[in-house]
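[1] structure for the following, please:
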Amino acid sequence: LINVVVYGLQQIIPFRWVYNLGMMSGPRVHHGEYYRLITHGFIHSQNDPMHMVWNMIYLFIFGVSLERMMGRWKFLFVYMAATLGAGLSVYIFDYYRGAVGASGGVYGLYGAFFVILLLRRQKDTARLFMLLIGIGVVQSFFNPYISHAGHAGGFVGGVLLTLLIVPLVDKPEPPQQQSPQPWQNGRY
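    Down below sits the predicted model:
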């Protein structure tokens, strides 16, 4: 909801004021505007509404599942930390390039989802998931406007923060063993 409201403000406030005030900028962070390490995750491309739409679709898909698995506050903590990780990664590896968008946080959710799949020993699903993410990463190399540093930093942030809070995440109940039916023992 915050992303949609901020995008609406971007469209009605003139002179790209919201965009310029919140975008990730290495030099501006260096000069004390640290808030940009987070605010860039709520700003989207002014001229491409699909940038915001696709980020919101992926945020919804993975956010709903992860919020159920982790709980609301742990999910929010991982998402915000991944957004911060994306901002830090852009600051370190792509200092002069501006960056906007929720995709660093979304990639953090990918990382969190991957960790949870592995911890739940769903290795086949984790492999398939990483294959799909890998295809998306390869496709992104053909778009010069994508912040690969932001995506990588968000993913790493999501993995690390999920590993940090794993002891606090409830484990799913093991499936109940039912007594074997007579036909399952070969006595039928």
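
[2] tell me which stretches of this protein form helices.
    2-12, 17-22, 26-30, 36-39, 49-70, 72-93, 103-119, 123-140, 148-165 (DSSP state H).

[3] any chance of those helices in CSV, with mean pLDDT and mean neighbour count too?
    In short, each C-beta sits where N, CA and C put it, glycine included. Below are the helices of the chain laid out as CSV (pLDDT from 0 to 100; neighbours: other Cβ atoms under 10 Å):
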stretch, mean pLDDT, mean neighbour count
helix 2-12, 92, 14
helix 17-22, 90, 16
helix 26-30, 95, 15
helix 36-39, 96, 19
helix 49-70, 92, 16
helix 72-93, 96, 22
helix 103-119, 93, 24
helix 123-140, 89, 12
helix 148-165, 94, 23
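
[4] Leu37: what's it in contact with?
    Residues in contact with Leu37 (Cβ atoms under 8 Å, 6 or more residues apart in numbering) are Met24, Val29, Leu84, Gly87, Leu88, Tyr91.

[5] kindly reformat those residues as TSV containing distance to Leu163.
    Below are the contacts of Leu37 laid out as TSV (distance: Cβ to Cβ, whole Å):
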residue	distance to Leu163
Met24	25
Val29	26
Leu84	16
Gly87	20
Leu88	18
Tyr91	23
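
[6] of the residues you listed, closest to Trp54?
    Of all the contacts of Leu37, Trp54 sits closest to Met24, with 18.6 Å by Cβ to Cβ.
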